[in-house]
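# Build the 3D model from these lines:
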Amino acid sequence: MTRHQLLMLRANQRAGWVGYAIALHTLGEYENALNVLQTFRKTQEGKPADYEFSELLLYEASIMVEAGKFKEALSHIYSHRDSILDIQSWLEMAGDLHARIGEHEDSAEVFETLYHRNPENASYIESYVRAHGHYNDEDSLKLCQKLQKLHPRAEAPFNYALKLSTGSTFRTLVDGYLQRQLRKGVPPLFNILKHLFQDKNKLETIKELMHGYYTSLEEHKKFTPESEDEEFPTSYLHVMIFLAQLYDYERNTTKALYYIDRAMQHTPTYIDPYMVKSKIYKHAGDMVEAVHWVDEARTMDLADRYLNCKAAKYMLRAGMVDKAEEACALFTREGQPAVDNLNEMQCMWFLTESARIYFKNQDWANVLQKCHEVEKHFVDIVEDQFDFHPYSMRKMTLRAYIGLLRLEDSIRGHQFFNKAADYAIRTYLHLHDKPLADSNGLGNGEIDEMTEKEKKKLESKKKRAAKKKQQQKNEASVNNNPGNKDKKQQPDGEIVPPPIVGIELVKTEAPLDDAMKFLDPLRALSPQCPNTHKLAFQVFHRQGKLLLMIQSVKRALKTCARAPEISLHMTQLYQYVKTKGTPSGIIAEIVQTEMSELLPQNDIREWLNVRESLTGANLKNFFMLRCAHAHLTPESTPDQLQSVLDFPCDGFSLESCEYVLDHLNSGMLNPTPQDIATYTATCHALFPLATAFRPPKTEETVPR
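Predicted structure coming up:
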């Protein structure tokens with residue numbers, strides 16, 4: 001039954017009118033939606049203004065804005081100003097509408113009023129400056145200083161002034177700002193100023209000032225020798241912490257550790273230095289040491305949930321799954337396994353991090369279990385929205401309701417779903433390439449390659465899995481026992497979904513079809529993410545869907561033309577068309593047209609050479625270009641591998657070097673163990689703390 005039919009049946013009920021208007025609004029029929037709301041509003045005239053009527057008026061104005069009727073919307077909110085009780089929303093809408101129709105003086109006046117209401121809102125300051133038409137930094141800075149005088153204690157206008165100022169003006173402003181914040185001991189000071197570091201001159205200015213404070217505080221206990229009053233010892237402590245974070249930002253691990261160690265010696269009972277030190281080791285690639293220091297911070301305050309979550313996340317990154325579960329158990333329901341309770345609470349960061357480490361360890365069953373649990377949470381979120389339909393109609397929270405509907409439409413574009421989909425799709429691709437022969441989730445040949453010690457571990461794991469499965473069966477039989485009065489009974493007719501079991505998921509006979517269940521939402525809701533099109537090409541290439549392969553490459557080039565995988569995918573596409581040929585008829589014409597756009601000269605080698613001249617200085621792109629050339633001419637693979645081994649990695653990030661190592665370990669370019677050892681030794685010289693590049697003899701690091 002449609003909303004229009006409901007309105008005809010219950011014309012005297014408000015929900016019918018509002019529901020029909022919302023339906024028209026979401027369909028883009030703005031005129032009809034406005035007519036319905038205006039007709040309904042006439043029936044409400046004469047009644048005292050209340051919050052629900054106020055929301056109705058604001059919702060009507062929001063539809064006008066979406067329809068492009070800015071003047072009508074402005075006239076509407078001014079004519080009903082006395083009836084609109086949400087003054088904040090009224091002012092924000094009025095200021096925006098004045099700016100849209102070119103009434104900048106009125107817009108500036110409204111945003112100045114909003115600034116007085118909340119001087120810490122940076123968007124009000126930006127809108128106020130923009131309304132004055134000052135687009136050069138000098139005039140905008142004067143306006144910021146004017147706002148600062150109105151509210152001297154406000155931080156937002158000062159931060160905006162730091163963004164606009166340069167040279168000596170910036171140095172003067174940031175000098176006073178740093179001293180005030182360090183004196184107060186503001187912990188997030190580094191994160192507040194981090195956006196300024198993109199300007200190298202500002203970064204050097206801040207670093208120079210901080211070193212001056214450090215020297216002066218150490219010698220004179222003052223920020224500058226000329227200062228009159230001595231500072232508290234905490235100022236010196238926060239200067240050292242800031243310097244450690246600053247050098248960590250530049251990935252100068254040696255200096256970062258020097259300053260953070262001094263800070264810990266200065267005040268051993270302060271938690272922040274321990275957290276900073278753990279982050280330094282994380283950025284250096286040593287997650288085991290990072291776990292040690294974040295766990296030290298956690299044990300200093302066991303009641304802090306943030307520290308507990310951060311420690312658990314680091315433990316998962318280091319592969320310490322059991323230890324992470326123990327840490328989380330401090331804040332989960334007593335008497336229930338921590339993992340089950342975290343899953344029940346939809347704690348998706350824990351699930352995605354678990355999937356990450358299981359994928360790294362090639363535990364395909366657990367990867368799929370975690371990813372499907374994340375997917376189930378998103379299904380539950382979509383289903384839970386139905387509880388808000390009648391509530392929003394009744395309480396007239398219409399603008400928030402429209403926001404909810406639009407959020408639900410794109411909910412699977414969230415980063416948690418993206419991460420889970422990435423691990424799930426890559427797992428299904430592995431299962432397609434190497435079908436399983438073992439019920440525990442191992443591929444053909446993988447068991448034969450195991451050592452005796454690894455085989456014993458596998459047998460032990462099988463026994464634990466069988467014991468856990470039997471325990472689950474026993475619990476299920478207890479729950480299904482009609483005589484068990486302590487258990488809640490499911491309502492009649494409700495279907496209880498079966499539990500997600502990774503061992504069953506990994507036995508799929510159609511892994512590519514299962515991968516599409518994760519890929520389709522990504523393609524629809526995360527088209528701006530380059531990883532989406534990378535995964536799409538890999539799936540469609542295996543399925544032999546030529547047009548979709550072309551579409552994936554084109555979208556990848558449009559989204560992020562410098563993505564390293566494009567080189568290999570373009571080569572694979574060219575080879576597929578060359579070897580398989582194109583279908584006849586209209587599809588052949590489409591393929592020929594699209595391929596001529598992608599390769600105007602129909603010369604893939606020339607295309608790769610041009611791409612190398614543009615992106616070859618990047619380590620990831622260089623590696624993928626070598627893989628593309630090896631795919632074209634397999635006999636050149638040893639030469640391409642040697643080019644990678646000889647490529648100077650100095651100056652590249654840890655993440656780029658690990659990217660190449662992961663692909664070499666996966667078998668790309670057919671490296672021998674000696675080749676991998678050579679590359680690892682090169683990277684170890686650049687990143688001596690990174691566990692990924694440690695020599696085999698020091699790899700068995702015992703967690704503290």
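
# The residue positioned nearest the centre of the chain and residue 620, how far apart?
Nearest residue to the geometric centre of the chain (CA atoms, centre = their mean): residue 415, 4.6 Å. Residue 415 sits 21 Å away from residue 620, going by CB to CB, to the nearest Å. For every residue, glycine as well, the C-beta is placed using N, CA and C.

# next one: residue 375
29 Å.

# Beyond the helix or strand harbouring residue 383, next helix or strand please.
For residue 383, the element it lies in under DSSP states H and E is helix 364-384. As assigned by DSSP H and E, the chain's next helix or strand after helix 364-384 is helix 388-395.

# which intervals of the stretch 301-450 of the chain have sub-threshold pLDDT?
For the stretch 301-450 of the chain, the stretches flagged by pLDDT under 70 are 437-450.

# mind running it again at 90?
Within the stretch 301-450 of the chain, the ranges that satisfy pLDDT under 90 run 333-337, 381-398, 400-401, 404-413, 435-450.

# And the strands in it?
Counting by DSSP state E, counting those that start in this stretch, the stretch 301-450 of the chain has no strands at all.

# do the chain as well
Taking DSSP state E, the chain contains no strands at all.

# can you give me the helices for the stretch 151-300 of the chain?
Per DSSP state H, counting those that start in this stretch, the stretch 151-300 of the chain carries helices over the ranges 156-164, 167-184, 189-193, 200-220, 233-249, 253-266, 271-284, 287-300.

# right, and those helices - which one's nearest residue 16?
For the helices of the stretch 151-300 of the chain, the distance to residue 16 is smallest for helix 156-164, at 44.5 Å, taking CB to CB.

# so how far is the closest one from its chain's centroid?
In terms of CA atoms, centre = their mean, to the nearest Å, the centre of helix 156-164 is found 27 Å from the chain centre.

# Any chance you could list what contacts it?
Residues from elsewhere that reach helix 156-164, judged by CB atoms under 8 Å, 6 or more residues apart in numbering: 119-122, 125-126, 129, 137, 140-141, 144-145, 147-148, 151, 170, 173-174, 177, 192-193, 195-196.

# Buried ones from the residues you listed, can you make that a PyMOL selection?
In PyMOL, this line selects whichever of these come out buried by 16 or more other CB atoms under 10 Å:
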select buried, resi 119+121+125+129+140+141+144+147+148+151+170+173+174+177+193+196
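
# Quick check: residue 585 vs residue 592, distance?
12 Å.

# So the two - more neighbours on which side?
More neighbours surround residue 592 than the other of residue 585 and residue 592, with 12 against 8 (other CB atoms under 10 Å).

# Pull up the gap between that one and residue 577, please.
Between residue 592 and residue 577 the computed distance is 9 Å (CB to CB).

# cool, residue 435 as well?
Using CB to CB, one obtains 27 Å as the distance from residue 435 to residue 577.

# For the two, indicate the residue with more neighbours.
For residue 435 and residue 577, the more surrounded residue by other CB under 10 Å is residue 577, and the numbers stand at 19 against 13.

# and the more buried one, what does it touch?
Here residue 577 is in contact with 546, 591, 595 (criterion: CB under 8 Å, 6+ apart).

# what residues do residue 585 and residue 592 have in common as contacts?
When CB under 8 Å, 6+ apart defines a contact, no residue borders residue 585 and residue 592 alike.

# Between the two ends of stretch 267-276, how far is it?
14 Å (CA to CA, to the nearest Å).

# What mean pLDDT does that stretch get?
For stretch 267-276, mean pLDDT is 96.

# So which bits of it are buried?
Across stretch 267-276, burial judged by 16+ other CB under 10 Å covers 267, 270-276.

# same check, this time on stretch 653-669
654, 656-661, 663-664, 668-669.

# Nearest to residue 541 among those?
Distance to residue 541 across those (CB to CB) is lowest for residue 668, with 15.3 Å.

# ok so, going back, dump the buried residues of stretch 653-669 into TSV; add distance to residue 513 and pLDDT as well.
Supplementary listing: the buried residues of stretch 653-669 in TSV, determined by distance: CB to CB, whole Å; pLDDT from 0 to 100:
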residue	distance to residue 513	pLDDT
654	37	93
656	34	93
657	36	94
658	32	94
659	29	94
660	32	95
661	32	95
663	27	94
664	31	95
668	26	93
669	31	94
